[in-house]
Structure formats: C-alpha cells, structure tokens
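A.B. asks: pasting the sequence and the predicted model now:
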Amino acid sequence: QLVESGGGLVQAGGSLRLSCAGSGRTFATYTMGWFRQAPGKEREFVAGISSRAVTTAYTNSVKGRFTITKDNAKNTVYLQMNSLKPEDTAVYYCAAADTGRLGWVPRSLNEFADWGQGTQVTVSS
C-alpha cells in the first residue's frame, strides 16, 4: 500500500514536498516513481529513483526544479518541488516497480504495478 501526502495550493514560484509512505513490502527492493495527471490529459512520468537510490530520472519540464529522494529506513519516497508553475497543477501519484534491474528507472506506467491514491497539487498564477 502506498499513501501520498503533502499536496495543496501554492502560488507560482512556491514549493511543496510530497511524501509517499509504503507498507507491506521490502521497500528497499522497489524502484519508485512519481507521476501526475492534469485534467483532460494522460498520466505522465515526472520523476523516478532506483531501488537503492543510485539512479534518478526526471521529465525535462521539471529538471532543475524537482528532486526525488528515497529513505529506505522510513519506507518513504519524497518529491521536493521548487519554483512551481501553474502547469505543474495535477494530481500526483507515487508508484512502485519491482524491476529486478539495479540502477534502472523505467518511465512507462506499465512498469509500475502498485499505485497510491494521489494527492492534488494546485499552483495559482
């Protein structure tokens, strides 16, 4: 089970930190990802981190603004979002993938088997 928290309403240029707590799994063996879905749009990859937090990946639109981290001791993955823009407005989901490949971060939704319920992020202009 994955549970996201930390969403909310923020002005453009502001920051939020999303958290995703996992339970019932060996967290350290899973690659974790953050995805988002805006109204009327498909769900898209935002950021991912490999199981041992060696490799990270970001979609181009968030590079330099968002940072994904993973605390295996706390079974939690974070997404620090800075310099937020109105186009970042979406429901953000965390997801877990058991890729079996060290250091690899997939970007496809199909690679992630477990999903949280989502948390709303709204950025006002």
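C.D. replies: Cool, the structure landed. Numbers count the residues shown, from 1 in each chain.
A.B. asks: when you work out contacts or count neighbours from here on, use the C-alpha atoms and nothing else.
C.D. replies: Noted.
A.B. asks: got any ranges where this protein has weak pLDDT?
C.D. replies: 24-25 (pLDDT under 70).
A.B. asks: okay, and the residue positioned nearest the centre of it sits in which element?
C.D. replies: Among the residues of the chain, the one closest to the centroid is residue 34, at 2.1 Å (C-alpha atoms, centre = their mean). Per DSSP states H and E: residue 34 is located in strand 31-37.
A.B. asks: who's the residue nearest to the centre of the chain bridged to?
C.D. replies: Using DSSP bridges, the bridge partners assigned to residue 34 are residue 47, residue 94.
A.B. asks: tell me the spacing between it and residue 49.
C.D. replies: Per C-alpha to C-alpha, to the nearest Å, residue 34 is found 9 Å from residue 49.
A.B. asks: repeat that for residue 57.
C.D. replies: Residue 57 is 7 Å from residue 49, by C-alpha to C-alpha.
A.B. asks: what of residue 97?
C.D. replies: Between residue 97 and residue 49 the distance is 10 Å, computed by C-alpha to C-alpha.
A.B. asks: quick check: neighbours shared by those two?
C.D. replies: Contact with both residue 97 and residue 49 is made by residues 31, 32, 33, according to C-alpha atoms under 8 Å, 6 or more residues apart in numbering.
A.B. asks: PyMOL command for the buried members of those residues?
C.D. replies: Here is the PyMOL command that selects the buried residues among these (16 or more other C-alpha atoms under 10 Å):
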select buried, resi 31+32+33
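A.B. asks: I figured residue 99 was touching residue 32, is that so?
C.D. replies: No. Residue 99 lies out of contact with residue 32 (C-alpha atoms under 8 Å); the separation is 10.1 Å.
A.B. asks: was I right about the residue nearest to the centre of the chain contacting residue 45?
C.D. replies: Yes. Counting by C-alpha under 8 Å, residue 45 is a contact partner of residue 34 at 6.4 Å.
A.B. asks: what count of nearby residues applies to residue 12?
C.D. replies: Counted with other C-alpha atoms under 10 Å, residues neighbouring residue 12 total 17.
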